[in-house]
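**Q** Generate coordinates for the sequence data below:
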Amino acid sequence: MKISSKKKGFTLIELLIVIGIIAVLVAIAIVAINPARQFAKTNNAVRFADVNTTLNAVSQNVVDGRGIWTCPEVLPTTAEPIKADDADPLTDEADICDCLVPTYIGSMPSDPTAGVAPTTPPCTGYDTGYTISQDATTGRVTIVAPSAQSENGAAPIISVTR
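**A** Below you'll find the model as predicted:
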């Protein structure tokens, strides 16, 4: 009869080697995925969609007005933030929410990093984080997302003109 004194299982060295290999593979995966870059790309895609949606709503208002913006709030000729009027005479706002929501757009979108829900009626205290302007000569409207995030160095310019 032969008695074996060898125990079954892994040694401490073997376990440490496996844990080390797994740690290296996880580190490589995190660097390859680059979560910060992915979040920036996602936020910028949301910004581009928001800017397009808002400009489509503005354009539809103009179309329904037979070429005329049918809102008491005049579209600015220099970039102004699209937000509720704060009643401060030293700041300019393009308070256009009541002209667009809910007729042309379900809710006013907001910059994804602002952490606020889209604005639905009544349109009070909102701030989209975007700007709007209308060229005085051509009448073309531009909406910009000034808070675009860097994806690979410089932040992209998210701007749509129609």
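
**Q** Quick check: next helix or strand after the helix or strand hosting T53?
**A** Following DSSP states H and E, one finds T53 within helix 35-64. Using DSSP H and E, the helix or strand that directly follows helix 35-64 along the chain is strand 80-83.

**Q** What strands line up against that next one, and which way round?
**A** strand 127-134 (antiparallel) (DSSP bridges).

**Q** The partner strand to helix 35-64, inter-axis angle?
**A** 50 degrees (axes from the mean of the first three to the mean of the last three Cα atoms, to 10 degrees).

**Q** and the following helix or strand past strand 127-134 with strand 127-134, angle?
**A** Following strand 127-134 in sequence order, the next helix or strand is strand 141-145 (DSSP H and E). Here strand 141-145 runs at an angle of 150 degrees relative to strand 127-134 (the same axes, to 10 degrees).

**Q** From the chain's centroid, how far away is the helix holding T53?
**A** 7 Å (Cα atoms, centre = their mean, to the nearest Å).

**Q** beta partners of T131?
**A** P81, V144.

**Q** how much space between it and R47?
**A** In this view, T131 and R47 are 12 Å apart by Cβ to Cβ, to the nearest Å. No exception for glycine: its C-beta is placed from N, CA and C like everyone else's.

**Q** How about L90?
**A** Using Cβ to Cβ, L90 is found at 27 Å from R47.

**Q** So for the two, which sits in the more crowded spot?
**A** Using other Cβ atoms under 10 Å as the criterion, L90 and R47 rank with R47 on top: 24 against 5.

**Q** Please export the C-alpha coordinates of the lowest-mean-pLDDT helix or strand in the chain as CSV.
**A** Within the chain, no helix or strand scores below helix 12-33, which has a mean of 90 by mean pLDDT, DSSP states H and E. The C-alpha trace of helix 12-33 is given here as CSV (Å, rounded to 0.1, in the frame of the first residue of the first chain):
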residue,chain,number,x,y,z
LEU,A,12,0.5,30.4,-3.5
ILE,A,13,3.0,31.2,-6.3
GLU,A,14,0.7,29.7,-8.9
LEU,A,15,-2.3,31.8,-7.6
LEU,A,16,-0.2,34.9,-7.6
ILE,A,17,0.9,34.3,-11.2
VAL,A,18,-2.6,33.8,-12.4
ILE,A,19,-3.8,36.9,-10.6
GLY,A,20,-1.0,38.9,-12.1
ILE,A,21,-1.8,37.7,-15.6
ILE,A,22,-5.5,38.6,-15.1
ALA,A,23,-4.5,42.1,-13.8
VAL,A,24,-2.4,42.8,-16.9
LEU,A,25,-5.2,41.7,-19.2
VAL,A,26,-7.7,43.9,-17.4
ALA,A,27,-5.4,46.9,-17.6
ILE,A,28,-4.8,46.3,-21.4
ALA,A,29,-8.6,46.0,-21.9
ILE,A,30,-9.3,49.3,-20.0
VAL,A,31,-6.7,51.1,-22.0
ALA,A,32,-8.1,49.8,-25.3
ILE,A,33,-11.6,50.7,-24.4
